[in-house]
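1. Could you work out the structure for the sequence below:
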Amino acid sequence: MDVAVIEEPAAAEASLDPMRARLLAALAEPGSAAMLAARLGLPRQKVNYHLKELERHGLVELAEERRKGSVTERVYRATAASYVISPAALAAVSPDPSRSPDQLSARWLLALGARMVQEVGSLLTGAARARQRVASFGIDARVRFASAADRAAFAAELSQAVTALVSRYHDESAPQGRTHRVVVGLHQIPDTAPSPADAPSSQES
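-> Numbering: from 1, shown residues only. Below is the predicted model of the structure:
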C-alpha cells in the first residue's frame with residue numbers, strides 16, 4: 001500500500017519509537033535482520049527484536065524465507081510506503097469539531113482534518129479487508145492573496161458556492177443514497193524557518 005492508517009494505540013506507539021521508525025523506512029526494500037543491522041550500523045540482536053515487535057503490530061510482514069546452509073534467513077518488508085496515525089489511536093483525547101465550530105478558527109480546521117484522517121482511515125481499513133476501492137475526491141490548490149480583504153472575499157464566495165452545490169445535490173429521501181462529507185479548508189502555507197541572519201532582533205517589536 002502507498003499509505004497505511006494506524007488505528008491501534010499499541011501500533012502507534014511502536015511506530016513512534018525512533019529505532020523502529022528507522023527500520024520501517026529502511027524496509028521500503030525487503031531486508032533481513034542481518035542486512036538491516038549492517039546497513040544501519042546496529043546490533044543484529046536488537047534489530048531482530050524490533051522487527052518482531054513491528055511484525056506483531058502489522059507494520060512489517062514476512063516477504064520470504066531463505067535457506068543458507070542450516071540457517072533460515074527471514075526477509076521482511078514494510079506493509080506500506082508510509083504511515084498515518086489516526087486520531088482513533090488517541091480516542092479519549094482526539095479533537096471533536098462539533099465542540100466549538102468556528103469557520104475562522106485554525107484549531108477547528110485542525111479538528112476537521114483530524115476527523116477526516118480518522119474517517120478516511122477507517123474506510124481504507126475496511127476497503128482493504130473487502131478488497132474494494134474507496135470512493136473519494138480531493139482538490140489541492142495554492143492561491144496567493146494580495147490582501148486580507150481578498151482572502152475574506154474568496155472565503156465568502158467559496159462558502160456560497162459549496163452551499164449552493166450541497167443544496168442542489170443533497171437528497172435526504174434517496175433510498176439507495178450514501179452520505180458523504182465535504183470538507184474545504186483554507187490556510188496559509190508555513191514559511192521555512194528563517195536563517196539566523198533573517199531572524200528579527202530582540203529590539204524589534
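
2. Domain-wise, how is the chain divided?
-> The record's domain parsing of the chain by automatic domain parsing lists 3-83, 94-166.

3. Among those, show me which one is buried the most.
-> domain 3-83 (a mean of 16; mean count of other C-beta atoms under 10 Å). In short, each C-beta sits where N, CA and C put it, glycine included.

4. And the average pLDDT for it is what?
-> Domain 3-83 comes out with an average pLDDT of 90.

5. follow-up on the earlier one: now the domains of the chain in a markdown table, please, with extra columns for distance to His187.
-> Output for the domains of the chain, formatted as a markdown table (distance: least, C-beta to C-beta, whole Å):
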| stretch | distance to His187 |
| --- | --- |
| domain 3-83 | 21 |
| domain 94-166 | 6 |
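
6. Relative to Ser173, which of these is closest?
-> Of all the domains of the chain, it is domain 94-166 that lies closest to Ser173, at 15.6 Å by C-beta to C-beta.

7. Now do that closest one: distance to the chain's middle.
-> How far domain 94-166 lies from its chain's middle: 14 Å, per C-alpha atoms, centre = their mean, to the nearest Å.

8. now do stretch 69-87
-> Per C-alpha atoms, centre = their mean, the displacement of stretch 69-87 from the mean C-alpha position of its chain is 19 Å.

9. swap in stretch 73-90?
-> 11 Å.

10. what's the answer for stretch 160-168, then?
-> Distance, centroid of stretch 160-168 to centroid of chain: 29 Å (C-alpha atoms, centre = their mean).

11. Stretch 10-23 now?
-> 15 Å.

12. any idea which helix is longest in the chain?
-> Determined from DSSP state H, the single longest helix within the chain is helix 106-130.

13. After that helix, heading C-terminal, what element do we hit next?
-> Scanning forward in sequence from helix 106-130 by DSSP states H and E, the next helix or strand is helix 148-169.

14. contact partners of that next one?
-> Residues from elsewhere that reach helix 148-169, judged by C-beta atoms under 8 Å, 6 or more residues apart in numbering: Gln103, Val143, Phe145, Val182, Val184, Leu186.

15. could I get those as TSV with pLDDT and distance to Pro18?
-> Shown next, in TSV, are these (pLDDT from 0 to 100; distance: C-beta to C-beta, whole Å):
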residue	pLDDT	distance to Pro18
Gln103	84	38
Val143	94	37
Phe145	96	40
Val182	92	38
Val184	90	36
Leu186	88	34
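
16. Go through those residues and name the one nearest Met1.
-> For these, the nearest to Met1 is Val182 (25.4 Å; C-beta to C-beta).

17. farthest-separated two in the contacts of helix 148-169?
-> Across the contacts of helix 148-169 (C-beta to C-beta), the longest gap, 22.6 Å, separates Phe145 and Val182.
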